[in-house]
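In: this one's sequence-less:
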Ligand SMILES: [Zn+2]
């Protein structure tokens, strides 16, 4: 698909009428777009394919991803125990970071500092906690893992920021983005692989099958 960078007309003039795609104030759409862009950028950087990503100013948005290799494995035998504990913990924290990346991207876009972990009652936080629960069994461990994952998300997004902006601008202008465009946006960042280091592999996703297909 043709790249859309650099052409984000929010309002198109047609026959004297101004067509405004979004019925709500731009700030709202902008927040949603950056939120979804945060998820999508991290999903892409970690080696998965963004299957659906959209943002609206009226009904929120969604960023869904698919991991290569997932179809060859099953939840029951994804076998967390075949990974060393440290790696399991790292992998799960990255998974949680994908969930937390939405809110963190919004905060970065608004210039808000990271002042400690959030405990929001939203589906992203719930999703992250479900991931973390698989490895961090005690409440206190899970809590610190949650804070760590949020910082991880923020650090990764800062590294990926040019891509996050490009993805968000496409979402603002067109309401949706496809995987090719996410991949192209990630080319704006040097050393994308630094973000996931060795996690951008099937292993990450075999570890996290429970989350497959669930929207962030
Ligand atoms: Zn989200």
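Out: On my side now, so go ahead. All values reported here derive from a predicted model rather than from experimental measurement.

In: which intervals of this structure have sub-threshold pLDDT?
Out: Counting by pLDDT under 70, the chain shows low-confidence ranges at 1-27, 67-88, 116-119, 121, 194, 196-216.

In: all strands for it, in order.
Out: 12-14, 17-19, 49-55, 61-66, 176-177 (DSSP state E).

In: Mean neighbour count and distance to residue 28 for those strands - can I get that in a markdown table?
Out: Where C-beta positions appear, they are placed from N, C-alpha and C, glycine not excepted. Supplementary listing: those in a markdown table, determined by neighbours: other Cβ atoms under 10 Å; distance: least, Cβ to Cβ, whole Å:
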| stretch | mean neighbour count | distance to residue 28 |
| --- | --- | --- |
| strand 12-14 | 9 | 20 |
| strand 17-19 | 9 | 18 |
| strand 49-55 | 21 | 10 |
| strand 61-66 | 22 | 11 |
| strand 176-177 | 22 | 17 |
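
In: Distance to residue 105 added to the ones you listed, as JSON lines?
Out: Conversion of the strands of the chain to JSON lines gives the following (distance: least, Cβ to Cβ, whole Å):
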{"stretch": "strand 12-14", "distance to residue 105": "27"}
{"stretch": "strand 17-19", "distance to residue 105": "27"}
{"stretch": "strand 49-55", "distance to residue 105": "11"}
{"stretch": "strand 61-66", "distance to residue 105": "11"}
{"stretch": "strand 176-177", "distance to residue 105": "14"}
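
In: and of these, who's closest to the ion?
Out: strand 61-66 (7.0 Å; Cβ to the ion).

In: Contacts only, for the closest residue to the ion within the chain.
Out: Residue of the chain nearest the ion, by Cβ to the ion: residue 102 (3.2 Å). The contact partners of residue 102, taken as Cβ atoms under 8 Å, 6 or more residues apart in numbering, are 35, 36, 38, 39, 63, 124, 216.
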